[in-house]
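> here are the coordinates; sequence isn't available:
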């Protein structure tokens, strides 16, 4: 399936050849140009055409990054940062060719400051690696986008996931970055102090910039204490509206829920089939509470009352770890269960986010749209944030199915934007949502492009993503 | 007292005259050019030389703001946004003259979305006005910088205050802004959705930009539910170190304390004298807990155990509102109590912020510095954030006292920066801390200047603040 948005840029052949020569000389076999390496690094999860870089550099230090950026800046050749390749909107594609900067060897934990609840890591560290490393400290890094993504990649797409309702997104959890800028220098965007009013918030500018403003070389993160107790539970509702009312009341009452996930009827059906479960095929909420024995019990009881008031089923919950894993099994397996609904089809994962007062309406309209168009597309939502995912199962070899999917995604994005929401809560823009970014931000796009040009005058950093900034 | 940093810029006399003519024609008596208006709007709290604007426009709508910006852009004349004038580092001064944009008439609450816990306001709304308005909704806006500042001003300086430890700073609580940019257009920087991965985080770029990138015309804020119960308390320690250890343990255990304030011995002495209290003149922590009856009791008990473990005095706490006000009286009166220590002297309020592991060390070294230099300077800290204020009492008519104060502030800022902290946690840079911003961010200043030039090519927005960007 080719998405209309994905255009190829102009290739600077002479520049690319010159850069490959320089990097071969300066970095030896850290540079790889074999077809298989290039293909791996243009991996675009799910649905976009792959566009291969011309070489992959396995950087080991900040100096390696500087070497790559300097050579690419000199010859105006694209630089595309690569974490683990789990981004969903073509962020690691190379529409004009260039150099993919692979961070898998820059995966050291640089320092843990337990008293300050912070850690500094290289960008290639994955979130699971980080949490394994931290286990003995009693601390953890909460952001969980599903995939075992790299911290650099998570920062670049402003990732979040299931427990953002409690712990925030990468925007809230990155204290500082080091970044190699277009002149090949490394800057530091912030300090380890928990707050600052000193100048522009460069940290928040680079978080979510998808590699278009510079290359991140380290990330300082806030950590949380591992909760003494975790309780989890599940309950069903007759309608999406009732489930969402329960979510709104929970948020309004300030119950510090750690996770509150919505699975729609189709998703539950998929989970039942995949995992041999027997949930009622109704809108279902999965909850998790973090705290002490006392506070998790208190929160679970408070939520039970809300469920009752909103007309939901009994809220089954437990603080026993094994029981909790059972209750949450359907949620954990949701992605694979959806895929298994139609193993022969392709899957497109897309996300939008709306104010929670509009969440029920947006999900319900989207379900109707799916039905009206005879599509198969389960919905999973981070309900506390008003963020949901649709996994569209479609036939990539059938042009009608592709066109219908594209049209559906366009309607979904516009529906969210019309509700004062956003075309992406956590996947980012990449190549896939460039036209929707433009629709969403309107004339603010000019400010974004002005910033891009000021920090990347030769358009070397991940060009062809977010927006066109090359005067083309 | 004149601070060395405060330099006058070049005045564009012809441009200023042209702009005053245009604005008189287009806005009538919304433009005021009388001396008293101009003096009021160059009010720089505490210690900087005033630098008057040439005219003050009392804007009533976004269109008025556009009119001002367009005229000023055409003639390259400075535009200086003005809230209530409570900023502390010369943010509202007009070193090159120009037009002060007064927002006191743009003080409408535009919309409250109770289900989404958000509100959109005009920039001139003050935080007290907002909370009075919200009272019946059961919601409140938590950020409390002390002064009854305007929301636009608070956004512009990335303000925070006593309860940032629980609710975050303006960075965390602004969902979206509208801003008039250099071409006189209004952009919107974000959506009401609680999170987004759509493009550059323009919201966070304008928050803390101190009016140097555009003029804010509305602010969408996150709100919180008014806590069912508030408990407050107080306890003393033998040393700053012990008090800070209690703070660190509290943060590490994840006790969601709403306020945790440190007053040093000198500050307590001032409070005793001012308010007729009889606190032991020792480092003292003031705490506040927000929650339900059950959770506030739980938190107070947990904190009591921590105090015991750290060698503090008994933790006296209450959830009775009147009793709590009594326990907190010293903290509430701290500023005026400090001033009263030496009513004939001038007062300079400065702030720094360090990682909390370095907080005790930074405060203790600063106390020693104060003693060594024979100064009078009480310290109040937002201890949970590692942020503290020093109120230096000095004689503005005595050049030795002024020089000694300046040297002290320089040492304080450098001490914080050396500890991986920041030269300002919440007051901002303005004119007063320009040299320390440069020291703190190093070569990242080039990125800030590049952004400034890209969004404000003619340097009309609050010039002479944060850094020099005029190639001078």
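Right, received. Where do you want to start? The structure displayed is predicted, hence computed values, not measured ones.
> what about the closest residue to chain B within the stretch 251-400 of chain A, how many residues close to it?
Nearest to chain B in the stretch 251-400 of chain A, going by C-beta to the nearest C-beta, is residue A:357, at a distance of 3.8 Å. From N, CA and C alone the C-beta is placed, and that goes for glycine too. Neighbour count of residue A:357, defined by other C-beta atoms under 10 Å in any protein chain shown: 19.
> check the one 10 residues further on too.
The criterion is other C-beta under 10 Å. On that basis, residue A:367 has 18 neighbouring residues.
> is it correct that it falls within a strand?
No. With DSSP: H, G, I helix; E, B strand; the rest coil as the criterion, residue A:367 is helix rather than part of a strand.
> what about the residue nearest to it when sequence neighbours are not counted, distance to residue B:61?
Closest residue to residue A:367 apart from its sequence neighbours, by C-beta to C-beta, 6 or more residues apart in numbering or on different chains: residue A:264 at 6.4 Å. Using C-beta to C-beta, to the nearest Å, residue A:264 is found at 44 Å from residue B:61.
> pop out the phi and psi values for the closest residue to residue A:452 other than its chain neighbours.
In space, and not counting its chain neighbours, residue A:452 is closest to residue A:469: 4.6 Å by C-beta to C-beta, 6+ apart. Phi and psi for residue A:469, reported as degrees, to the nearest 10, are phi -130, psi 10.
> can you list the domains in chain A?
Structural domains annotated on chain A: A:13-104, A:109-225, A:229-335, A:342-440, as defined by automatic domain parsing.
> need the ones you listed in a markdown table (columns: mean pLDDT and distance to residue B:322).
Below are those laid out as a markdown table (pLDDT from 0 to 100; distance: least, C-beta to C-beta, whole Å):
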| stretch | mean pLDDT | distance to residue B:322 |
| --- | --- | --- |
| domain A:13-104 | 95 | 56 |
| domain A:109-225 | 97 | 32 |
| domain A:229-335 | 93 | 25 |
| domain A:342-440 | 96 | 36 |
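> reformat those as TSV; add distance to residue B:317.
Listed next are these as TSV, based on distance: least, C-beta to C-beta, whole Å:
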stretch	distance to residue B:317
domain A:13-104	47
domain A:109-225	23
domain A:229-335	18
domain A:342-440	31
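> now the strands: where do they sit in the stretch 151-300 of chain A?
A:174-180, A:186-188, A:215-222, A:224-225, A:229-236, A:257-263, A:284-291 (DSSP state E, counting those that start in this stretch).
> which among those is found nearest to residue A:32?
strand A:215-222 (18.0 Å; C-beta to C-beta).
> is that closest one positioned near chain B?
No. Judged by C-beta under 8 Å from any C-beta of the partner chain, strand A:215-222 and chain B are separated, with a smallest distance of 9.4 Å.
> so for residue A:264 and residue B:61, which sits in the more crowded spot?
Neighbours per residue (other C-beta under 10 Å) separate residue A:264 from residue B:61, with residue A:264 holding more: 26 against 13.
> list the contacts for the more buried one?
A:240, A:283, A:363, A:367, A:378-381 (C-beta atoms under 8 Å, 6 or more residues apart in numbering or on different chains).
> quick one: the residue nearest to residue A:452 and residue A:447 touch, right?
No. Using C-beta atoms under 8 Å, residue A:469 makes no contact with residue A:447, being 12.0 Å away.
> who has more neighbours out of these two?
A direct count of neighbours by other C-beta under 10 Å for residue A:469 and residue A:447 places residue A:447 higher, at 26 against 20.
> need the pLDDT of the more buried one.
Predicted confidence (pLDDT) for residue A:447: 98.
> now the one 4 residues further on
At residue A:451, the pLDDT value in this model is 98.
> counting neighbours, what do you get for it?
24.
> how about the one 3 residues further on?
Burial of residue A:454 is recorded as 19 neighbouring residues (other C-beta under 10 Å).
> with residue A:80 instead?
Applying other C-beta under 10 Å, I find that residue A:80 has 30 neighbouring residues.
> ditto for the one 4 residues further on
For residue A:84, the neighbour count with other C-beta under 10 Å is 19.
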